[in-house]
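Asker: Following is a predicted model, sequence given first.
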Amino acid sequence: MSAVLTAQVLPLADFVAPKIEYNELMPLFVVFGAACLGVLVEAFLPRTWRHLVQVALAIVGVVVAGVLTVLLMADEKKLLAAQGAISVDGPALYTWVILLALTLISLLLFAERSVDGGLSAFAGQAAAVPGSEAEREGTAAKVEHSEVFPLTMFAIGGMMLFASANDLLLLFVALEVFSLPLYLLCGLARRRRLISQEAAMKYFLLGSFASAFLLFGIALLYGYAGTMSLGGIADALATKTGGDAILLAGTGLLGVGLLFKVGAVPFHSWTPDVYQGAPTPVTGFMAACTKIAAFIALMRVFYVAFGGTRWDWAPMMWIVAILTMVVGSIVAITQTDVKRMLAYSSIAHAGFLLTAFIGLAQAGSGVLNGITSTQAVLFYLVTYGFPTIGAFAVVTLVRDAGGEATHLSRWAGLGKKSPLLGGIFAFFLLSFAGIPLTAGFTGKWAVFTAAWTGGAWPLVVVAVLCSLVAAFFYVRVIVLMFFSDLPDDAPDVVLPGWQTTAAVALGLAATVVLGLVPGPMLDLAARAGEFIR
Amino acid sequence: MTTALFAVAGAVALFASILVVTSRRIVHAALWLVVALGAVAGCFGALHAELVALVQILVYVGAIVVLVLFALMLTKAPTNPLPALTTRRSPFAAVVAGVLAILLGTGVVIAFGNEKIGPVPDGSAEAVGTAVFRTWVLPFEVLSVLLLAALIGAIVLSQRAPKKED
C-alpha cells in the first residue's frame, strides 16, 4: 500500500538508474578506496604502526590498480563510461599505467626515513610555528604526518580522472581533486619550512586563480554548445553557425587553465617557487605526474572538442610553445639552485611537448605510417617522467646540517666525493639534454618527428636550438660536479635507505632501457591509438 | 518580466561583489558576500529554478558565509579597517583585469545580447535530481572525495600533538 503511494507521489518509476561500468573503472575505485582506507587507518591505528601500514596500503593500492589497468589495456578497452563522463580509451589507460608507475616510485621516496635522522621529509607538525619549542618537541618525539599517503592517493586518483575526463564538468572536478592535496603536500616540508609554506600559499592562490579561468571558460563553452561533453562540443562546432566570440573566449580561458597546470609560459611563474619550496619527493611527484595528467587532459580537450577549429587556436599555441621553450631554456641558465634549475628545465620540456601537440599529426590526416602526435607525446611523457623523479631523488641525498644542500655552488666537486651519485645525476641530466643513448634522446626524436610530419617545422627548428641552449646548462652542472675542486665544507652524500635506492634504480633503469630499446614502448604508445569521443 | 527580475538581481550581485573585494573591513566584506550570494539566488529564482535558488541560500548564504564569520571569530581577525595591502603594481593589474572584463563582457553581449530570458524548465527539483543522480552521478560522488581530502588537509594543517605528560 505504502509502496504504491510512494510510487504515485514521487515519480520514481520514471527514474532510470545510471549505468556505471564498474569493471572498466575499477582502477580508479581501487585508488580512491585505498585513500579512504588510509583515512581510517589514520583515525584508528596507534601512531607507531601508522607509517608502516600507510606505506603498505598505498603501495598495494597503486600496484593493484596498475595490474587492473594493464588487464584493461590487454583487452583494448575503448568506451565512454559513467554516463559519458569518463572515456576509458587507449591513451587514458596508457596514462593511468604511467601515472601509477611514477606514483609507486614517488611513494618510495615519501616513505624514506633514513636520510634525515630517522624521519621522513615531511613536517612533524604542520601547525607548529617554524623554529618554535613545539616543533623541537615534536621532532624529538619523532611525530610524523602519515596523512601524506592518503593525500597522495587522492591526488593520483584525481590525476587519473583528469587524464580521462570526457566532459568539462568532470575535468574541473578532477582538477580540484588532484590540486588540493598537492597544495597541502607542498607546505609540509620538514626543513626550510617558511619557503615551503610560502610555496604552498603561492601555489594555492595562483592555482585557484587558474581554476577560475578554467571555470569561466567552461561556462562560456556551455553557453556556446549547450553541452559539457567534449564530443557534444565537437558536434556543435560542426553544425552551429555564429557565436564565435564566446567560442574563442571560452577556448582561450580553458587553455589558460590547462596550460597553467602544464607549466607553460606565460603561466609558469609559480613553477620555480613551488618546485623549490615543496619537499623534494613531492616536487618529483608533481613535476612528473601533474605534467603528465595535465598534458593528456590538454590534448584530449583540444583534439576531441576543438579539433574542428584547429586554425583558430593553433596560432595561440604556437606562441605559447615558442615562449615556453625559449624562456624555459634561457632562464634556466641563470639559476643557482638545483631545484629551480630543474623547474625551468621542466618548463622547457613542456615546450618540447607542445611542439608535438601543435603538429597535430594524426592517423588519417596525412600521416600514414609515421609517428602520430598522441603517440609521440605519450612516449615523451614516459621518457621525461622517470629521469625527473630520479633526479629529484638524487637531490634529496646531498645534505648538510640545514637539510638538503640545493645551492649549485654546494655541488662543486661532488662527483669526486661520490662518483656513483655524481654519475647517476649526470646521466639524468644528459637524458634531459637529449644526448643519444638516453631516454631523453628518443623522446625528443619522437616529438620532433611528429611535429615535423604535422607541418610545424619552424617549431622544430626553434626546439632544436633551445635544446642546444638547454644542453649547455645541463653540461655546466656536470662540469661543476666533476671538474671543480671539492671545498672543505662540502655537503655530505648520505647513504640512502632501500626506498630511495629503489626509486633511483627504477628511474635509472627506465632511462637506460628507453634510450637503448625504445621500440616496445613506442609500439605500446602506438597501440594506445587516438582519443575516442 | 523574467528578464527584468534577472537584470535587477544580477546588478545587485555585481554591485555587492565589487564591495566584497574593495571593502577594508573584513566583516563588512563577509556581509556583502551575503548580499552577493543572495542576489545570485535571486537570479535563479527569476529563472523559476526554485530548488537551485533555495539550495543557493541554504548552502552559500547559510553555511558558507556563517563558516567565514566563524573563522573570523575564532582566528580573532581584526574588525577595524585593514591597512592597504595593494602594491605599486596594482594599477597594471587593474588595467589587465578591466580589459579582460570588457573583452569577455563584449563577447557575451555579442552572443546573447538579443536573447530574451525565459523560465528554465531544468531548474525544477525533479530535473535537478535526475541530473545529479543520473547524468552527473560520478562527478557528484568524486566531489565527496574532494571534500574528504579537504577535511584531512584541514586537520593536518591545524592539529597539534597533545603535550607529553612526563
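Answerer: Sure thing, it's come through.
Asker: In what element of secondary structure is the spatially most central residue of chain B found?
Answerer: For chain B, the residue nearest the mean C-alpha position is B:Leu37 (5.9 Å; Cα atoms, centre = their mean). B:Leu37 is part of helix B:26-46 when elements are defined by DSSP states H and E.
Asker: Report all helices and strands that the very next helix or strand once past that helix contacts.
Answerer: Once helix B:26-46 ends, the next helix or strand along the chain (criterion: DSSP H and E) is helix B:50-55. Counting contacts by 3 or more Cβ pairs under 8 Å, 6 or more residues apart in numbering or on different chains; DSSP states H and E, helix B:50-55 is packed against helix B:26-46, helix B:125-130. Just so you know, the C-beta spots here come from the backbone N, C-alpha and C atoms, and that holds for glycine as well.
Asker: Can you list the neighbours in contact with the shortest one?
Answerer: Going back to what we said before, that points to helix B:125-130. A:Pro11, A:Phe15, B:Ala49, B:Glu50, B:Leu51, B:Val52, B:Pro121, B:Asp122 (Cβ atoms under 8 Å, 6 or more residues apart in numbering or on different chains).
Asker: do the longest one as well
Answerer: By Cβ under 8 Å, 6+ apart, the residues outside helix B:26-46 that reach it are B:2, B:5-6, B:8-10, B:12-13, B:16-17, B:19-21, B:23, B:50, B:52-54, B:56-57, B:60-61, B:64-65, B:68-69, B:72, B:77-79, B:82, B:117, B:123.
Asker: Buried ones in the helix holding B:Leu37, by neighbour count?
Answerer: Residues of helix B:26-46 classed as buried by neighbour count (16 or more other Cβ atoms under 10 Å in any protein chain shown): B:26-27, B:29-46.
Asker: of the contacts of helix B:125-130, buried ones?
Answerer: By neighbour count, with 16+ other Cβ under 10 Å, the contacts of helix B:125-130 hold B:Ala49, B:Val52 as buried.
Asker: What is the nearest of the contacts of helix B:125-130 to A:Thr334?
Answerer: Lowest distance from A:Thr334 to those (Cβ to Cβ) belongs to B:Val52, with 52.0 Å.
Asker: Touching, the closest one and B:Gly123? I think so.
Answerer: Yes. Using Cβ atoms under 8 Å, B:Val52 makes contact with B:Gly123 at a distance of 5.3 Å.
Asker: what sits against A:Lys19?
Answerer: Counting by Cβ under 8 Å, 6+ apart, A:Lys19 touches A:Ala82, A:Gln83.
Asker: Just to be sure, A:Ser114 is in a strand?
Answerer: No. Assessed with DSSP: H, G, I helix; E, B strand; the rest coil, A:Ser114 is coil; it does not lie in a strand.
Asker: Quick one: residues contacting it.
Answerer: A:Ser114 makes contact with A:Val494, A:Leu495, A:Pro496, A:Gly497, according to Cβ under 8 Å, 6+ apart.
Asker: so how many other residues sit close to the last one?
Answerer: Neighbouring residues of A:Gly497 were enumerated by other Cβ atoms under 10 Å in any protein chain shown; the total is 15.
Asker: my guess is it contacts A:Asp116, does it?
Answerer: No. Contact criterion Cβ under 8 Å: A:Gly497 and A:Asp116 do not qualify, at 10.5 Å.
Asker: In terms of helix, strand or coil, where does A:Ala127 fall?
Answerer: Under three-state DSSP, A:Ala127 falls in the coil class.
Asker: Which among the helices and strands packed on helix B:50-55 is found nearest to A:Val475?
Answerer: Nearest to A:Val475, of all the helices and strands packed on helix B:50-55, is helix B:26-46, at 52.4 Å by Cβ to Cβ.
Asker: okay, now A:Phe29: neighbour count?
Answerer: A:Phe29 sits with 14 neighbouring residues when counted by other Cβ under 10 Å.
Asker: Which residue is the nearest non-sequential neighbour of it?
Answerer: What sits nearest to A:Phe29 in space, not counting adjacent residues and going by Cβ to Cβ, 6 or more residues apart in numbering or on different chains, is A:Tyr22, at 7.3 Å.
Asker: Report the residue spans of chain B with pLDDT below the cut-off.
Answerer: Applying pLDDT under 70 to chain B picks out residues B:84, B:161-166.
Asker: let's see it at 90
Answerer: B:1-7, B:21-30, B:45-50, B:61-62, B:65-91, B:93-94, B:97, B:101, B:103-136, B:154-166 (pLDDT under 90).
Asker: Would you mind naming what in chain B lies close to chain A?
Answerer: B:103-104, B:106-108, B:110-112, B:126, B:130, B:133-139, B:142-143, B:145-146, B:148-150, B:152-153, B:155-161, B:164 (Cβ under 8 Å from any Cβ of the partner chain).
Asker: okay, now residue 61: neighbour count?
Answerer: In the absence of a named chain, this looks at chain A. When neighbours are counted by other Cβ under 10 Å, A:Gly61 comes out with 27.
Asker: To clarify, I was referring to chain B.
Answerer: Residues lying near B:Val61 (other Cβ under 10 Å) number 18.
Asker: Also A:Tyr275?
Answerer: Counted with other Cβ under 10 Å, the neighbours of A:Tyr275 add up to 29.
Asker: Do I have it right that it meets A:Ser345?
Answerer: No. Assessed by Cβ under 8 Å, A:Tyr275 is found out of contact with A:Ser345, at 10.0 Å.
Asker: For chain B, what's the nearest residue on the stretch 351-500 of chain A?
Answerer: Per Cβ to the nearest Cβ, A:Gly403 is where the stretch 351-500 of chain A lies closest to chain B, at 20.6 Å.
Asker: Would you confirm that that residue contacts A:Arg191?
Answerer: Yes. With contact defined as Cβ under 8 Å, A:Gly403 counts as touching A:Arg191 (3.1 Å).
Asker: any residues in contact with both of those two?
Answerer: A:Asp116.
Asker: Strands of chain B, residue ranges please.
Answerer: In chain B, no strands are defined using DSSP state E.
Asker: which stretches of it form helices?
Answerer: Counting by DSSP state H, chain B has these helices, from start to end: B:2-22, B:26-46, B:50-55, B:65-74, B:90-112, B:125-130, B:137-158.
Asker: my hunch is that A:Leu495 is in a strand, does that hold up?
Answerer: No. A:Leu495 is assigned coil when assessed by three-state DSSP, not a strand.
Asker: Tell me which residues touch it, please.
Answerer: A:Leu495 is in contact with A:Ser114, counting by Cβ under 8 Å, 6+ apart.
Asker: where does it land on pLDDT?
Answerer: Note for A:Leu495: predicted pLDDT of 86.
Asker: circling back: mind checking which of the helices and strands packed on helix B:50-55 is nearest A:Ala503?
Answerer: A:Ala503 sits nearest to helix B:26-46 of all those, at 45.2 Å, using Cβ to Cβ.
Asker: Would you mind saying which of the helices of chain B lies nearest A:Glu42?
Answerer: A:Glu42 sits nearest to helix B:137-158 of all the helices of chain B, at 7.6 Å, using Cβ to Cβ.
Asker: Output the contacting helices and strands for that closest one.
Answerer: Judged by 3+ Cβ pairs under 8 Å, 6+ apart, helix B:137-158 is in contact with helix A:22-44, helix A:148-164, helix A:168-186.
Asker: 10 Å - rerun?
Answerer: When contacts are defined as 3 or more Cβ pairs under 10 Å, 6 or more residues apart in numbering or on different chains; DSSP states H and E, helix B:137-158 sits against helix A:22-44, strand A:86-88, helix A:148-164, helix A:168-186.
Asker: residues of that helix that come out buried?
Answerer: By 16+ other Cβ under 10 Å, the buried positions in helix B:137-158 come out as B:137-140, B:142, B:145-146, B:148-150, B:152-153, B:155-157.
Asker: Looking at those, which one is closest to A:Lys417?
Answerer: Nearest to A:Lys417 among those is B:Val156, at 37.0 Å by Cβ to Cβ.
Asker: can you give me the helices in the stretch 401-533 of chain A?
Answerer: Applying DSSP state H, counting those that start in this stretch to the stretch 401-533 of chain A gives helices spanning A:414-417, A:419-433, A:439-453, A:457-483, A:498-516, A:519-528.
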